[in-house]
Structures are given as structure tokens and as C-alpha cells.
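S.K.: Show me how the following folds:
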Amino acid sequence: MRWPLLTSALEHEDDIVTVRQRVRGLAERLGFEVQDQTRIATAVSEIARNAYGYAGGGRIEYGLDQGGDGQFLMIRVSDKGPGIVELDAILEGRFRSTTGLGIGITGSRRLMDRFEIDTEPGNGTVVTFGKRLPPGVEDFTGPGLVSLANDVARARTAEPLVALREQNRELLCSLAELAERQEEAQRLNRELAETNRGVVALHAELEAQATLLREASASLESQVAARTAELAEANARLVTEAAEREWMEQNLRQSQKMEAVGQLTGGVAHDFNNLLTVIKSSTDLLKRPNLPEDRRVRYVGAISDTVDRAAKLTGQLLAFARRQALKPEVFAACDSVRAIGDMMGTLTGSRIQIVMDLPEETCFVDADPSQFDTALVNMAVNARDAMDGEGRLLVRVRSVDGMPAMRGHPAVTGAFVAVSISDTGIGIPADSLERIFEPFFTTKGVGQGTGLGLSQVFGFAKQSGGEVAVESEVGVGTTFTLYLPRVADAGKEADTNEPEPLMDGHGTCVLVVEDNAEVGTFAVQTLADLGYVTVLATNAKEALAELARDADRFDVVFSDVVMPGMNGIDLAHRIRERHRDLPVLLASGYSHVLAENGTSGFELLHKPYSIEQLSRLLRKVATWQRRRRIVGK
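M.R.: Have a look, this model is predicted:
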């Protein structure tokens, strides 16, 4: 008991009535409802009656205690009597005394929230029990406790006779309430009996309905089984038909692939046969004795020009296949469009009006500028042919925040630059729109086009992380839109100060790595004629062995990219790790490694290459190596 309020003696039988009045008044003062006031008063008076009856008297303590869930009204009744011998049996409900001792204890225990009893034979009994204060009643602390203690001390009790009459009145009220509850219970029992009779009738009806449902379920199950068998048979037929359809579709796709491959190889063979005819005729004429010098120069020039045309053709094929080694740079798209505008005028002719719609802000893109120019030229030539040399060509550049959905691909959100070329030509039929980017597909007459121009645009856009869209209406015109990734600024400008061609190698030592015997022999002979000292290795393993013997004798490594085993890119990385000062020049006409990952910072010579290009790049990388050695010293 944390806060004691009052202590009173229990010496006379009248004190039992006084205890009841005092406890009830205290409960009322603490905010308990009337019913709880009666319960508390009854519990305390019963324990006080036991103390007086069995011990001849005792002491009553009143107070408050603090619990985890609020304050409690605490009452402690103590006596010096003989103690309670059969306490465990009483608390378990197994003992009844003739004087009603057990009933008083068990009844008080049920009426209170806390109940503790401590007894020892010959030393008396202490009973402590409490009741939690009602919800909403503020805790009594400080001045509140002092005021409560004063009120309890000053509280007057009525005469015992008056108190007994009040107690009897409460008892009569309780008996009347009990009688009403008993009558209500009897009424509920009668209603329950009537309800039970209704439930029995309902149960019989439900049982009859259940029988009908079981019969219907059995019929339904037989129908479901029959229908399931029908569906299984139909499903088996569908599976067979689907397998046959898939087999037919696979054959159709294979046939279409073979047709596309046939068209591609036929177009390549046709164009290369034309080129080879020029080369073969020129070489045959060069073999004639006593050939005049001017004709010899003309035939050699024809061979050189034809080789350039063949290189351009293979470049367009690689661009479509997205296997060309691009050289992406950050440049202003509008500047490139302006620079190529005069060339467009020459290509299209004077009867086609060229209109430029360029924004004021600079639109930077990250792509190969040479391939960008080629794509613009190809689209312009396609527009010229569609207008039959007369009409209006609109070139528009704008910044956009995404690419629309096209050709089965979803829309892409991001920063892009859109370059559109619109013409007022004949338009493209709907059945041809899906094929215009196929290599060698063309709607032009024989000899009027290779069918590779738009395929180059398509491959360049895809490999650069962009896309090309087309909108066309027959009789109105066509618009091609090239989307390329947009970047924030131009970044660092590329170094364009390449050294002039040098035909004499001045004894520069070159390690040539080439798996093709004819190409390797020709490269070695060419470099020797230019004054270079050469060592030939047919693969990366031999090249690493030569470097392991004496790497300092070499000024530069000239390696092919596509080789069996270790490719040229991996070889270059290995050389960079082991011989950091030794530069590497790569050569390739096709490589998926280069197309996907780039050159990793190594110089690249595109096949077919000229002697001047080879000499220039060898001099460039060799000069870089000499500068590194000078700085190192």
C-alpha cells in the first residue's frame, strides 16, 4: 500500500457496519459506480465479519496503491486470531464451514481485482485486496491525496441501526433485481424452446434439400466427366494442329530467311561482279606490251577507284549488319547539316528546293560524324529519286525527349536529336514500308540504285543507340527521321593534326601479326619497300614470343584484329600490360568485337587501306613512342 489514508479498529460488532459505510463512502469519493460501491462494501464487510467472528476483532487499513495499469483502492484487514487452517481447501472451493467462513472468503475474492491472504496458525490472518479505479478518473497525487485523506478522516458514519436498514434496503433491491433476472431467464428459456422446435423443422427441410443437392451433384459430375472427355479430345486435336502450324511457320520463316539471304548474296554478287569486271579488264589491259603511259595511268586509276567503290559497298553492308567499327565523337548536328548542305544541292540538282529548319540552340550528338554525313547523303539521294529531280526537300533538326514506338519496339524515353528529311515525292506504298531498310531492296529500276543506302542509315542508327523512323503517303511525300543520342556539350575536341604521309620508314622496326599468309606477305613486302624493318608473326602466341625474346628492338606492333585464338584487341591489351611504351596499330575490315566494344584507345586502320594510310598511321604511332621514350629519359 503506497499511500495509506486511514486506519480504524475493529472491536465491536457495530464496527462491521461502520467499516461498510466508510468503505462505501470512500468508493463513492473515488468515482466508482453504485454497483461497484456495493461490491466493494460487501467484500470488505464479509472479511471484517470473519475477523470479528473468529479473532474477536482486528484492524482495518484504507489506502491507494500504484499499478502498471493505474491506481487501486487498497483495503487490508488484519487480526491476531488462530489463523485459517483449511485455507487452500477454501480457496479451491473444497471446504465449507458451518459458520460460512469459506463462502465469505471466496465471495470477496470474486468481487475484487486483487486478493491476497496470508495466515499462520496461532499468529493471525492478513487479507489484502483492491479494486482498480474506474477509467477516466485522474490519479490522486500531491494535494489531491492530502484532500482525500482529510475527507476520509472527517467522514461521519450513520448510526448502526440506520446503516442496517440501508443495507437491508440494498439487499431487497438486489433480491428484486435477481427475481427480475430469473423471470427474464425463464422467458428466454421459453423462447429458446420455441426456437429449437423451429430449428428441428428447418433441419428436416435442409436435409431434404441436401438429398436433392446430392442427387443433382451426382448428375452434374457425370455431365462434367463427359464434357471433360470431349474437351480433352478437342485439346488433343488443337495440340496436333498447333504443332503442325508451328512446323509450317518454321518452314515459312526458314524459306523467308533463305529468300532474304539469296537476295542479299545475289545483290552482293551482282555488284561485286561488276566491280571485278572493271578490275579484271584493267589488269588484262595493263598486261599488254607497249602500253602508252596515259592508258596505263587510266587503267591503274580505274582499279583504284573500283577498289574504293568496293570498300564503300562492304562498309554499307557492315553498317546494316551493325558490325562496322564506328568512331563516335561529340559534335554539333546542326553544324554538320549546314556543312553538307552545299553537297546536297549538288546531289539533288537545281530543280529541287532545299529548305533548312535548324534550331538556335546547339544540339550535340555522340556518333560517328563520317557515318552521319553518309546517312544524310543517302536519305537526300533517296528523296531526290522519289521526286524525280524536282520538288522540295526539307531538312529539320530538333531536340526531343524520346523516340516513338516503331517496328514492334516500345517507345524509349531519353535525350535524343531528331534529324528529319522530308520530300514531296511519290511516296512509298504501305506494303513496301516494312522492307525499305533491307539490303538491296529497291523500288527503282534496274541500274538506278544498289538498295544499300537506307540499310546503311538503319544500321548506323541502331549501332549508335538510336533509330530511324519513316512516314509516307503515296502521292504526297515521305519523311525519314534519324534519332541519335543527345549529349550536354561538345567535350574535348579531337586532335586532327595528323603527320603527313612518309614513304620512307627510316629503319623503323615493325612486328606484323597477320594470320592470312597472303595479306601478311604483302604487308611485309610493302613495309620493306617503304624502308621499314619487319618481323612476321602468324598469330598472337608467336607475337608474344617474339616480344618476350627482345621487345626493345620493335618500334610498333601492326596486328590484324580477327585471328584464331587470341584476337588483336586482346593481344593489344596484353602488350599494353607487359610493354607499356610499345604502341599498337590495329587493322580490320570487320569485327563484332570492335563493333560492340570499340578499339579501347588503340589506333585502327580500316581494310582495305592504302599505302599512304598505312605509312601515315605507322609514323604517327612510332612518333608517339619516340616521344614517350624521350620523356622517360
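S.K.: so where's the stretch 301-450 of the chain uncertain?
M.R.: 312-327, 342, 439-450 (pLDDT under 70).
S.K.: Tell me how far stretch 292-308 lies from the chain's centre.
M.R.: On the basis of CA atoms, centre = their mean, to the nearest Å, stretch 292-308 sits 61 Å off its chain's mean C-alpha point.
S.K.: got the buried residues for that stretch?
M.R.: By 16 or more other CB atoms under 10 Å, the buried positions in stretch 292-308 come out as 299, 302-303, 306. From N, CA and C alone the C-beta is placed, and that goes for glycine too.
S.K.: Stretch 73-93 too?
M.R.: Those would be 73-79, 81, 83-84, 87, 90-91, for stretch 73-93 by 16+ other CB under 10 Å.
S.K.: Give the rounded mean pLDDT of stretch 92-106.
M.R.: The pLDDT scores in stretch 92-106 average 70.
S.K.: ok so, going back, of all pairs in the buried residues of stretch 73-93, which one spans the longest distance?
M.R.: Leu73 and Gly83 (26.3 Å; CB to CB).
S.K.: sorry, back to before: and of the buried residues of stretch 292-308, the nearest to Ile426?
M.R.: Out of these, the member with the shortest distance to Ile426 (by CB to CB) is Thr306, at 32.7 Å.
S.K.: Surely the closest one is in contact with Ile279?
M.R.: Yes: with contact defined as CB atoms under 8 Å, Thr306 counts as touching Ile279 (5.3 Å).
S.K.: list residues touching both of those two?
M.R.: Both Thr306 and Ile279 lack any common contacting residue under the criterion CB atoms under 8 Å, 6 or more residues apart in numbering.
S.K.: hang on, the earlier thing: out of the buried residues of stretch 73-93, which are inside helices?
M.R.: Using DSSP state H, 87, 90-91 are the members of these that sit in helices.
S.K.: Do a quick rundown of the helices in the stretch 51-200 of the chain.
M.R.: 87-91, 101-111, 143-154, 160-286 (DSSP state H, counting those that start in this stretch).
S.K.: Could I get those helices in TSV, plus columns for distance to Asp550?
M.R.: Putting these into TSV (distance: least, CB to CB, whole Å) gives the following:
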stretch	distance to Asp550
helix 87-91	106
helix 101-111	107
helix 143-154	104
helix 160-286	41
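S.K.: With respect to Arg384, which of these lies nearest?
M.R.: Nearest to Arg384 among the helices of the stretch 51-200 of the chain is helix 160-286; the distance by CB to CB comes to 20.7 Å.
S.K.: now for that closest one, which elements pack on it?
M.R.: Other helices and strands packing on helix 160-286, by 3 or more CB pairs under 8 Å, 6 or more residues apart in numbering; DSSP states H and E, are helix 14-29, helix 293-321.
S.K.: Could you dump the ones you listed into CSV and include distance to Glu194?
M.R.: Shown next, in CSV, are the helices and strands packed on helix 160-286 (distance: least, CB to CB, whole Å):
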stretch, distance to Glu194
helix 14-29, 43
helix 293-321, 91
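S.K.: Ok, which of these comes nearest Ser559?
M.R.: Nearest to Ser559, of all these, is helix 293-321, at 19.9 Å by CB to CB.
S.K.: Pairing partners for the helix or strand that the closest one is followed by, with directions?
M.R.: Moving toward the C-terminus from helix 293-321, the next helix or strand (DSSP states H and E) is strand 329-332. On the basis of DSSP bridges, the sheet neighbours of strand 329-332 come out as strand 364-367 (antiparallel).
S.K.: Residues touching the partner strand, excluding its own?
M.R.: With CB under 8 Å, 6+ apart, strand 364-367 has contacts from 326, 328-333, 372, 417, 460, 464, 466, 484-490.
S.K.: Show the buried residues in these.
M.R.: 326, 328-333, 372, 417, 460, 464, 466, 484-487.
S.K.: Closest one of those residues to Ala225?
M.R.: Using CB to CB, those come closest to Ala225 at Gly466, 59.8 Å.
S.K.: quick one: that closest one from Val337, how far?
M.R.: Gly466 is 16 Å from Val337, where distance means CB to CB, to the nearest Å.
S.K.: One more: Ser472?
M.R.: For Ser472, the distance to Val337 (CB to CB) stands at 22 Å.
S.K.: cool, Lys620 as well?
M.R.: 30 Å.
S.K.: just Arg619 next, same as before
M.R.: 34 Å.
S.K.: what do you get for Leu145?
M.R.: 93 Å.
S.K.: These two: who's more crowded?
M.R.: Using other CB atoms under 10 Å as the criterion, Leu145 and Val337 rank with Val337 on top: 22 against 16.
S.K.: secondary structure class for that one?
M.R.: What DSSP: H, G, I helix; E, B strand; the rest coil gives for Val337 is helix.
S.K.: Run through the residues that contact it.
M.R.: The contact partners of Val337, by CB under 8 Å, 6+ apart, come to 356, 358, 376, 395, 397, 419.
S.K.: Val146 versus the closest residue to Leu148 other than its chain neighbours, what's the distance?
M.R.: Of all residues not flanking Leu148 in the chain, Phe140 sits nearest, at 5.5 Å (CB to CB, 6 or more residues apart in numbering). Counting by CB to CB, the gap from Phe140 to Val146 is 9 Å.
S.K.: So which of these two has more stuff around it?
M.R.: For Phe140 versus Val146, neighbours defined as other CB under 10 Å are more numerous around Phe140 (19 against 11).
S.K.: In this structure that one contacts Leu64, no?
M.R.: Yes: the criterion here is CB under 8 Å, and Phe140 meets it with Leu64 at 6.1 Å.
S.K.: what do these two both touch?
M.R.: Contacts common to Phe140 and Leu64, judged by CB under 8 Å, 6+ apart, are 3, 71, 148.
S.K.: Who wins on neighbours among those residues?
M.R.: Within the shared contacts of Phe140 and Leu64, most neighbours by other CB under 10 Å means Gln71, with 20 neighbours.
S.K.: following the worst-scoring helix or strand of the chain on mean pLDDT, which helix or strand comes up?
M.R.: Across the helices and strands of the chain, mean confidence by mean pLDDT, DSSP states H and E is lowest for helix 592-597: a mean of 50. Using DSSP H and E, the helix or strand that follows helix 592-597 towards the C-terminus is strand 603-606.
S.K.: Quick check: phi and psi at Gly349.
M.R.: When read as degrees, to the nearest 10, the backbone of Gly349 gives phi 100, psi 170.
S.K.: Chain neighbours aside, what residue packs nearest to it?
M.R.: Gly389 (5.4 Å).
S.K.: The one you found: what's it in contact with?
M.R.: The neighbourhood of Gly389, defined by CB under 8 Å, 6+ apart, consists of 348-349, 351-352.
S.K.: Sort out which of those are in strands and list them.
M.R.: Ile352 (DSSP state E).
S.K.: of the contacts of Gly389, closest to Gly408?
M.R.: Among the contacts of Gly389, and counting by CB to CB, the member closest to Gly408 is Thr348, at 33.0 Å.
S.K.: In three-state terms, label the residue nearest to that closest one when sequence neighbours are not counted for me.
M.R.: Leaving aside its sequence neighbours, Thr348 sits nearest to Arg384 (CB to CB, 6+ apart; 4.5 Å). When classified by three-state DSSP, Arg384 comes out as helix.
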